[in-house]
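>>> sequence? don't have it. structure:
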């Protein structure tokens, strides 16, 4: 079985590599630290399986798969720091995943599932499942929002939002130092934003995970969170479980 490891964290790649090296009949054909390289390596090396990190800057794990033709889709084991309730979508579509930090037994079980899959020559069915799942995900969460400013209609891309603040019946979209006012409640907008990319930290605050740069513990499981734009936000205890689960999944935590 030829395997490719894709993760932007060197320590995380090392953890996958060490576990694979302990297993029989596994050849590691390469490693990648970003999504663009992953697409190129998959197309050129044609691995049997890719151990694919979900959250990566630039091109994330899902976007890597969207850039592959179906006939060259390998088997995939997702490496994810998501909370267990958030991986239900993987299970529904019979896709395999391993929660970070990695568990040896769960990792070995995922590899055995891949072996069985390859032995039964059902790779086309895997490609069909992945294709259907990616289509479902892209339809569920909007990629952009239309914001009116007088007679102008501005397009705000979801992936460019740094954080969202509540303002009554409106939501403030903070994008690269600019603020856009969207007529949408925080509750409604929170249901539209992809939970793989955004996290609610307060009833009036949602932050994009890729923008988080620093956590400072305050008290009673509350945190001061600093983002890449320099802004700081205080979380509330009611959102501590989701925040701490995300922190536990970060390499080196």
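Thanks, I have the structure now. Everything numeric in this text was worked out from a predicted model, so none of it was measured. Residues are numbered from 1 along each chain as shown.

>>> number of nearby residues for residue 75?
Other residues within reach of residue 75, judged by other C-beta atoms under 10 Å, total 22. (C-beta placed from N, C-alpha, C; glycine too.)

>>> and the gap between it and residue 102?
18 Å (C-beta to C-beta, to the nearest Å).

>>> can you confirm residue 147 is in a strand?
Yes - judged by DSSP: H, G, I helix; E, B strand; the rest coil, residue 147 forms part of a strand.

>>> In this structure it contacts residue 156, no?
Yes - in this structure, residue 147 is within contact of residue 156 by C-beta atoms under 8 Å, at 5.4 Å.

>>> Overlap of the contact sets of these two?
173, 180, 182 (C-beta atoms under 8 Å, 6 or more residues apart in numbering).

>>> want to throw these into CSV with distance to residue 166?
As requested, those are exported to CSV (distance: C-beta to C-beta, whole Å):
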residue, distance to residue 166
173, 11
180, 14
182, 11
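
>>> Buried ones among the residues you listed?
For the shared contacts of residue 147 and residue 156, a burial check counting by 16 or more other C-beta atoms under 10 Å picks out 173, 180, 182.

>>> Just put those in JSON lines and tack on distance to residue 59, secondary structure and pLDDT.
Putting those into JSON lines (distance: C-beta to C-beta, whole Å; DSSP: H, G, I helix; E, B strand; the rest coil; pLDDT from 0 to 100) gives the following:
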{"residue": "173", "distance to residue 59": "23", "secondary structure": "strand", "pLDDT": "96"}
{"residue": "180", "distance to residue 59": "25", "secondary structure": "strand", "pLDDT": "93"}
{"residue": "182", "distance to residue 59": "27", "secondary structure": "strand", "pLDDT": "90"}
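
>>> Measure how buried residue 43 is and give me the count.
A total of 12 residues lie near residue 43 under the criterion other C-beta under 10 Å.

>>> hey, where'd the helices end up in the stretch 151-253 of the chain?
All helices of the stretch 151-253 of the chain, identified by DSSP state H, counting those that start in this stretch, fall at 186-192, 240-248.

>>> before we move on, back to that, more crowded one of residue 147 and residue 156?
residue 147 (18 against 15).

>>> Return the member of the buried ones among the shared contacts of residue 147 and residue 156 nearest to residue 208.
Sorting these by distance to residue 208 puts residue 173 at the head of the list, at 10.7 Å, by C-beta to C-beta.

>>> For the closest one, name its beta-bridge partners.
residue 164, residue 180 (DSSP bridges).

>>> quick one, what contacts it?
Counted by C-beta under 8 Å, 6+ apart, residue 173 has contacts 145, 147, 156, 161, 164, 179-182.

>>> Pick the one among these closest to residue 61.
residue 161 (20.0 Å).

>>> Would you mind measuring from that closest one to residue 243?
Distance, residue 161 to residue 243, by C-beta to C-beta: 18 Å.

>>> likewise residue 47?
Distance, residue 47 to residue 243, by C-beta to C-beta: 35 Å.

>>> could you give me the average pLDDT of stretch 225-236?
Mean per-residue pLDDT for stretch 225-236: 96.

>>> thinking again about what came up before, a markdown table please, covering the helices of the stretch 151-253 of the chain and showing distance to residue 68 and mean neighbour count.
Shown next, in a markdown table, are these (distance: least, C-beta to C-beta, whole Å; neighbours: other C-beta atoms under 10 Å):
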| stretch | distance to residue 68 | mean neighbour count |
| --- | --- | --- |
| helix 186-192 | 27 | 15 |
| helix 240-248 | 28 | 16 |
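
>>> Which among those helices is found nearest to residue 106?
Of the helices of the stretch 151-253 of the chain, nearest to residue 106 by C-beta to C-beta is helix 240-248, at 15.1 Å.
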